[in-house]
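Student: sequence-free structure coming up:
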């Protein structure tokens, strides 16, 4: 009869408990090392971003304005020959007399292109253009004297105290 030693057979099928715990320990150390290095890399990246904004505060405004222009340009064709003056609607009561701002809400953005003589009212939360109008260099009273029999569209007064220059950061 051929007898098989059961102790030798069982050692071939199973990993010794010490070896199993060594493998588990090695895997856990590797996972924690990767997580630690990822955390250090992320912290370094955000620290460097913060330092660049701290050293150049205008960069924050420039980045926000560029992002806003990119967002609006996906909806409507904007003039590319100039940078707009950007303002944020902060006081609706002062703007109610102007037809351009009838549907405006707090936080809406106004993009004014002086050379193109165009103003855009944009709602960044709904991602919609609310209103577009052409602007003129002459005051409304002079324009009304020149065109007495025609109804003139109200031009937005973007230089008043009712809107504030961008950016307003409420985070």
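Tutor: Noted; the coordinates are in hand. Model, not experiment: these values are computed from the prediction.
Student: In a strand, residue 131, correct?
Tutor: Yes. The assignment for residue 131 by DSSP: H, G, I helix; E, B strand; the rest coil puts it in a strand.
Student: any idea of the mean pLDDT in the host helix or strand of residue 46?
Tutor: Using DSSP states H and E, residue 46 sits in helix 17-55. Averaged over helix 17-55, pLDDT sits at 90.
Student: ok, the nearest residue to residue 82 once chain neighbours are set aside - contacts?
Tutor: Nearest in space to residue 82, with sequence neighbours left out and distances taken as Cβ to Cβ, 6 or more residues apart in numbering, is residue 115 at 4.9 Å. Every residue, glycine included, has its C-beta placed from N, CA and C. Neighbour list for residue 115: 79, 81, 82 [criterion: Cβ atoms under 8 Å, 6 or more residues apart in numbering].
Student: Could you report the distance from residue 115 to residue 84?
Tutor: To residue 84, residue 115 is 10 Å away according to Cβ to Cβ, to the nearest Å.
Student: Give me the pLDDT for the most centrally placed residue in the chain.
Tutor: Centroid-nearest residue in the chain: residue 67, 5.7 Å away (criterion: Cα atoms, centre = their mean). The score at residue 67 is 94. That number is its pLDDT.
Student: Nice, that's everything, thank you.
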